[in-house]
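>>> I'll drop the sequence and a predicted model, then ask my questions.
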Amino acid sequence: MKSILRVLVFVPLALIILFFSMANRAMVKIGLDPFAANPADAPSVEAPMYLVVLAAMALGVLAGGVSSWLGHLPVRRAAKVARAEAKKTRLEIEKLRQQALAELPSESKAAKR
């Protein structure tokens, strides 16, 4: 089921990206100095328009992912503490269970079996 959904999502997305890339092959000039007195002398890069747009989208997705990851740091930290406490509690319960079984009279132990 997951593979079918994956195909239904990614194949149309790939086709959209492919068609967009084919339709926007013209070269564009990207100026790297917004304060240049003469834009012709400013450092710049020429690249196909589709590459500029797709790179900007990829950077946006990456920035959003990093932002989300950083935003969830306190939640992950609290979960880590909770897991450690739960493990400590399970070990303590097991230790107390073993102590309680050791303190049972021997005839109770035989009756339990």
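Sure thing, it's come through.
>>> what packs against the helix or strand encompassing Leu5?
Per DSSP states H and E, Leu5 falls inside helix 2-23. On a contact count with 3 or more Cβ pairs under 8 Å, 6 or more residues apart in numbering; DSSP states H and E, helix 2-23 meets helix 49-71. No exception for glycine: its C-beta is placed from N, CA and C like everyone else's.
>>> what is the mean pLDDT for the helix or strand that the helix holding Leu5 is followed by?
Sequence-wise, the next helix or strand downstream of helix 2-23 (DSSP H and E) is strand 27-31. Mean pLDDT, strand 27-31: 92.
>>> from the chain's centre, how far out does strand 27-31 sit?
32 Å (Cα atoms, centre = their mean, to the nearest Å).
>>> what does it contact?
Around strand 27-31, the neighbours that count as contacts under Cβ atoms under 8 Å, 6 or more residues apart in numbering are Pro39, Ala42, Pro43, Ser44, Val45, Glu46, Ala47, Pro48, Met49, Val52.
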